[in-house]
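Visitor: My questions are about this predicted structure, shown below with the sequence.
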Amino acid sequence: MSTSKFETNDMSAHLEVIRANADLMSAAIRTGDSSTIIAACPDWDLSQLAEHTGWVHRWATDALINSRAPDRETDFGPSTDDDLAVWIVDGATALINAIRATKPDAPTWHPFSLEQQVWVWARRQALETAMHRWDAQTAIGVQAMLDPELSSEGIQEYFEMGLPRVLSRAEVDPPASSLHVHCTDVDGEWLVWGDKGEYRMLPVHDKGDAAIRGPAANIWLLLMGRLDRSKLDVVGDASAAAAWLDLPNW
């Protein structure tokens, strides 16, 4: 298997993603209609999407620096005088600087079911920023692309961190069936299944009751609730595939 440019022991590629996608979101804010509704988040318009993304950047920066959950009373949102196109870049810059000032395995706090280390924030914020940049560009009619290797990272994060969170929040057991997921353009294969009510996942090539195959970006968009499954190759037991793909979005 080839080596990805996204490594947990070197966060530089993730930081480049945060920077590039924050800049692209800033451009979308400058050129787009702020009232444009975001299809994947229909309760938000473009301005609210930007405010959410910038809020998350600042919240994550606070958590990373202080190694604890941010105070609930802290307001990480923009002021009425802020230019959102500038504000989104400023928040991303502060986040990048905070991550760059430490090491991937340095201890920190985050609310996810992985080791409490800085690399988790670097990956999470790279993926968060890229996906919401895609949302913003798609909403204003700009052709939006997602890097295949980054998308494979997104799939990995979803299966190791996002899906367990979904199951816990919904208070449901994982499907008893198994699902094999296979990227066709970059490295990336996973098998997920339920074992006596427990969620199991391995990043392996193995046969499942059902399988989905396709470009990494399309698979990631599907798992994140932004693409219809008809755009991918779904084989095997259709009900088994549906049991996994119809779970609540992360």
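Guide: Okay, I see it. Numbers count the residues shown, from 1 in each chain.

Visitor: contacts and neighbour counts: CA atoms only from here.
Guide: Will do.

Visitor: just how off-centre is stretch 64-81 within its chain?
Guide: Here stretch 64-81 is found 21 Å from its chain centre; the criterion is Cα atoms, centre = their mean, to the nearest Å.

Visitor: end to end, how far does it reach?
Guide: One end of stretch 64-81 sits 27 Å from the other (Cα to Cα, to the nearest Å).

Visitor: which residue ranges form the strands in the chain?
Guide: With DSSP state E as the criterion, the chain has strands at 37-38, 41-45, 178-183, 189-195, 198-202, 210-214, 233-236.

Visitor: can I get those strands in TSV with distance to residue 85, mean neighbour count and mean pLDDT?
Guide: Shown next, in TSV, are the strands of the chain (distance: least, Cα to Cα, whole Å; neighbours: other Cα atoms under 10 Å; pLDDT from 0 to 100):
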stretch	distance to residue 85	mean neighbour count	mean pLDDT
strand 37-38	17	20	98
strand 41-45	15	14	95
strand 178-183	34	25	98
strand 189-195	37	20	97
strand 198-202	39	16	97
strand 210-214	34	20	96
strand 233-236	38	16	94
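
Visitor: Same list as before, these that is, but in CSV and with distance to residue 246 included.
Guide: Compiled in CSV, the strands of the chain are given as follows (distance: least, Cα to Cα, whole Å):
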stretch, distance to residue 246
strand 37-38, 21
strand 41-45, 17
strand 178-183, 13
strand 189-195, 14
strand 198-202, 16
strand 210-214, 14
strand 233-236, 14
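
Visitor: give me the low-pLDDT residue ranges for this protein?
Guide: Low-confidence segments of the chain (pLDDT under 70): 1-3.

Visitor: again, only this time at 50
Guide: 1 (pLDDT under 50).

Visitor: Tell me the residue in it that is farthest from the middle.
Guide: residue 81 (29.6 Å; Cα atoms, centre = their mean).

Visitor: so how far is residue 74 from it?
Guide: In terms of Cα to Cα, residue 81 sits 18 Å off from residue 74.

Visitor: what's the neighbour count on residue 169?
Guide: By other Cα atoms under 10 Å, the residues close to residue 169 number 11.

Visitor: right, and residue 55 touches residue 74 too?
Guide: No: with contacts counted by Cα atoms under 8 Å, residue 55 stays clear of residue 74, the gap being 10.7 Å.

Visitor: The two: which has the busier surroundings?
Guide: residue 55 (20 against 9).

Visitor: give the contact list for the more buried one.
Guide: By Cα atoms under 8 Å, 6 or more residues apart in numbering, the contact list for residue 55 reads 76-78, 91.

Visitor: what's the answer for residue 114, then?
Guide: By Cα under 8 Å, 6+ apart, the residues touching residue 114 are 120, 161.

Visitor: Also residue 243?
Guide: The contact partners of residue 243, taken as Cα under 8 Å, 6+ apart, are 175, 177.

Visitor: any idea how far the closest residue to residue 118 other than its chain neighbours is from residue 58?
Guide: Leaving aside its chain neighbours, residue 118 sits nearest to residue 104 (5.0 Å; criterion: Cα to Cα, 6 or more residues apart in numbering). Per Cα to Cα, residue 104 is found 19 Å from residue 58.

Visitor: again, but for residue 125
Guide: 11 Å.

Visitor: How about residue 87?
Guide: 11 Å.

Visitor: Alright, calling it a day.
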